[in-house]
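**Q** test case, fold it:
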Amino acid sequence: MSSIGFRILDRAPSNLAPETLAKFATVGAAQISDCMGRLYGVVGLLPRHAPTAARMVGVALTVKTRPGDNLMIHKAISLSQPGEVLVVDAGGDLTNALVGELMAMEAQRRGMAGFVIDGAVRDVDVFAQGDFPCFARGVSHRGPYKDGPGEINVPVSIGGQVVFPGDVIVGDADGLVVIPAAHAEDVLADALKKEQDEAKTKEKILAGTYTKPWMDEILAARRG
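**A** Presented below is the predicted three-dimensional model:
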């Protein structure tokens with residue numbers, strides 16, 4: 001009998017240096033998105049945690065589950081390592097909540113970096129007052145089932161973005177971006193430079209010396 005539908009795959013150890021993840025915490029999701037052609041990002045999921053919470057940065061621990069069922073989400077949390085972000089593909093279904101306060105408490109105690117749920121959550125008042133990052137598509141008071149199927153450490157689709165186990169996840173008030181692990185160092189370097197360039201632009205704006213020559217160049221070309 002095939003085990004497909006209940007697989008728990010091993011994930012290769014991450015080669016990302018801890019300092020790399022720490023530096024991602026200093027860069028905005030929007031700036032990272034700009035450095036990846038504005039192509040790699042999640043849409044439709046909103047932050048459910050307090051606005052004062054720190055930027056979420058971690059590596060993806062992925063779960064694909066039947067809509068409304070959290071059996072494999074519980075299992076994934078029990079297998080989690082510090083610094084991992086739980087990334088759940090539940091097909092965007094909002095009928096039943098997949099995680100709530102108790103699961104968040106367990107995940108936080110284990111050192112997880114946050115939740116990304118393409119589905120519904122509950123106990124949102126607790127999330128909204130807390131500093132544990134949780135991004136979710138919606139909210140439902142109805143609890144989950146615990147029968148499966150579901151799989152852990154498989155590629156998943158979250159808000160139009162394919163996420164592989166071990167990818168870097170960055171989330172803030174602007175949303176979520178996903179950085180392929182193999183490109184993390186290059187993207188980080190570009191994003192840090194982007195932040196520096198924007199800081200210089202801000203100085204010019206305040207000094208009244210900021211210009212936009214590209215704007216007139218585009219208009220001239222379009223007008224013929």
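**Q** hey, let's count contacts and neighbours off CA atoms from now on
**A** Will do.
**Q** need the longest helix for this structure.
**A** Assignment by DSSP state H gives helix 184-207 as the longest helix of the chain.
**Q** what about that one, average pLDDT?
**A** Averaged across helix 184-207, the pLDDT comes to 96.
**Q** now swap in stretch 9-18 and tell me
**A** Stretch 9-18 comes out at a mean pLDDT of 85.
**Q** the longest helix of the chain packs against which elements?
**A** Secondary-structure packing of helix 184-207 (3 or more C-alpha pairs under 8 Å, 6 or more residues apart in numbering; DSSP states H and E): helix 18-24, helix 29-34.
**Q** comparing those by mean pLDDT, which bottoms out?
**A** helix 18-24 (a mean of 93).
**Q** which parts of that one are buried?
**A** 21, 24 (16 or more other C-alpha atoms under 10 Å).
**Q** for the helices and strands packed on helix 184-207, give me a markdown table that also has distance to residue 162.
**A** Shown next, in a markdown table, are these (distance: least, C-alpha to C-alpha, whole Å):
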| stretch | distance to residue 162 |
| --- | --- |
| helix 18-24 | 20 |
| helix 29-34 | 15 |
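**Q** and of those helices, who's closest to residue 111?
**A** helix 18-24 (14.3 Å; C-alpha to C-alpha).
**Q** and the contacts of that closest one?
**A** Helix 18-24 is contacted from outside by 57, 58, 168, 170, 185, 188, using C-alpha atoms under 8 Å, 6 or more residues apart in numbering.
**Q** which of those residues lies closest to residue 31?
**A** residue 188 (10.1 Å).
**Q** and the closest one, how many neighbours?
**A** Residues near residue 188, counting by other C-alpha atoms under 10 Å, number 19.
**Q** do you know how far it is from residue 222?
**A** Going from residue 188 to residue 222 by C-alpha to C-alpha, to the nearest Å gives 34 Å.
**Q** state the distance from the residue lying closest to residue 161 once chain neighbours are set aside to residue 70.
**A** Leaving aside its sequence neighbours, residue 161 sits nearest to residue 42 (C-alpha to C-alpha, 6 or more residues apart in numbering; 5.6 Å). Distance of residue 42 to residue 70, given as C-alpha to C-alpha: 21 Å.
**Q** now swap in residue 134 and tell me
**A** Residue 134 sits 16 Å away from residue 70, going by C-alpha to C-alpha.
**Q** do the same with residue 222
**A** In this view, residue 222 and residue 70 are 53 Å apart by C-alpha to C-alpha.
**Q** residue 82 now?
**A** 21 Å.
**Q** ok, the two, which is more surrounded?
**A** More crowded of residue 82 and residue 70, by other C-alpha under 10 Å: residue 70, with 27 against 14.
**Q** what's near enough to touch that one?
**A** The neighbours of residue 70, taking C-alpha under 8 Å, 6+ apart as the test, are 98, 99, 144, 145, 146, 147, 148.
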